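1. Quick one, what's the 3D model for this:
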Amino acid sequence: MGYGWGSSSSSSSSKAAAPPLPPPPLPSQNGPTIDATTVLSLLALSSLSVGAYFASLRLLPKTATRKTRVLFIWHLFDALVHLVFEGSFLYNCFFVSYSLPTSFSSNSRHHPRIRLLTPPDVYWLGKEDRLYGANYGTGAFSKLWQEYAKADRRWGGTDLGVVSLEVLTVGVGAPLALWICELLRRDVKRGSLKRWFWMAVLATAELYGGWMTFAPEWFTGSPNLVTDNWMYLWVYLTLFNGLWVIFPLWILYEGYQAISSAMTQAEMVDLVQYLKKDD
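-> Predicted structure coming up:
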């Protein structure tokens, strides 16, 4: 089979050949362009952080410390990003598709307009004749992920590792982040260790997810990452993903300090009680 986008070979009948199918609507890869999609994507991300800030003003008690407010804003922002953005990524992976023409050979891994992200003889959802992902959609969230896929091509299709991680992120990480926000909203003098425990769990999961997202690329020469362009490398890949490294590391440090302090205080109480027994 060839690469052509036309119909299969014609029969001996006198019917006119069917017009060739159009190629999939993949985004342009000609370099960074700051267009309406870029601006709207950045504004949408910024609006989530602003919304998380105003939610902290409304939901947190007035006695909340600055650290508690920062933690609340981060976890609410984290949950919203997972639910809105990464939830839309999963929607594209499961419900947005492109029907391949019969002349396309799935054994050809280097088509000029198609990048298959599954291993040979492995097909997303078991469909050999369809491609799934944001690259093949025309909606607002499809265009958003087409924009990010200029920096990391996996997010335009259905990379098995990325999709598997995002199912956990959206289905488990986002609800856990919202639960942490509820714990932070309650009386700050009670349940402190419970909050730090769940924050540490989520922070560890975020770091692990980031590692499993990028380590396979680093170990194979980053075939899907665009690292030769400053905007894609430093803004899309480094800045956006770096937030989910800096904040989890800070949370783990603060959680360790809080738990260590609580353990020290408990040990002192036990020591005082032990000494009183000897009197």
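2. neighbours of the closest residue to residue 169 other than its chain neighbours, just the number please.
-> Nearest non-adjacent residue to residue 169, counting by Cβ to Cβ, 6 or more residues apart in numbering: residue 82, 5.4 Å away. The way it works is simple: take the backbone N, C-alpha and C, and place the C-beta from them, glycine included. Look at residue 82: counted by other Cβ atoms under 10 Å, it has 23 neighbours.
3. and residue 82, that one's in a strand?
-> No - using DSSP: H, G, I helix; E, B strand; the rest coil, the assignment for residue 82 is helix, not a strand.
4. Run through the residues that contact it.
-> Each residue near residue 82 by Cβ atoms under 8 Å, 6 or more residues apart in numbering is listed here: 169, 170, 173, 174, 177.
5. what's the farthest-apart pair in these?
-> By the measure Cβ to Cβ, 170 and 177 form the most distant pair in the contacts of residue 82, at 10.9 Å.
6. who's more crowded, these two?
-> Remark: of residue 170 and residue 177, residue 177 carries more neighbours, 24 against 21, as counted by other Cβ under 10 Å.
7. looking at it, that one is touching residue 73, isn't it?
-> No - the criterion here is Cβ atoms under 8 Å, and residue 177 misses it with residue 73 at 11.4 Å.
8. and the residue nearest to residue 169, how far is that from residue 246?
-> In this view, residue 82 and residue 246 are 17 Å apart by Cβ to Cβ, to the nearest Å.
9. next one: residue 144
-> To residue 246, residue 144 is 23 Å away according to Cβ to Cβ.
10. Likewise for residue 176?
-> Note on residue 176: its distance to residue 246, by Cβ to Cβ, is 19 Å.
11. neighbour-wise, which of these two wins?
-> Neighbours around residue 176 and residue 246, counted as other Cβ under 10 Å, are more numerous at residue 176. The numbers are 18 against 9.
12. What helix or strand is that one located in?
-> Using DSSP states H and E, residue 176 maps to helix 174-185.
13. what about the strands in the stretch 1-150 of the chain?
-> 97-99, 130-132 (DSSP state E, counting those that start in this stretch).
14. Pick out the shakiest of these, pLDDT-wise.
-> Across the strands of the stretch 1-150 of the chain, strand 97-99 has the smallest mean pLDDT, namely a mean of 87.
15. Check the offset of that strand from the chain's centre.
-> Remark: strand 97-99 is offset 23 Å from the chain centroid, using Cα atoms, centre = their mean, to the nearest Å.
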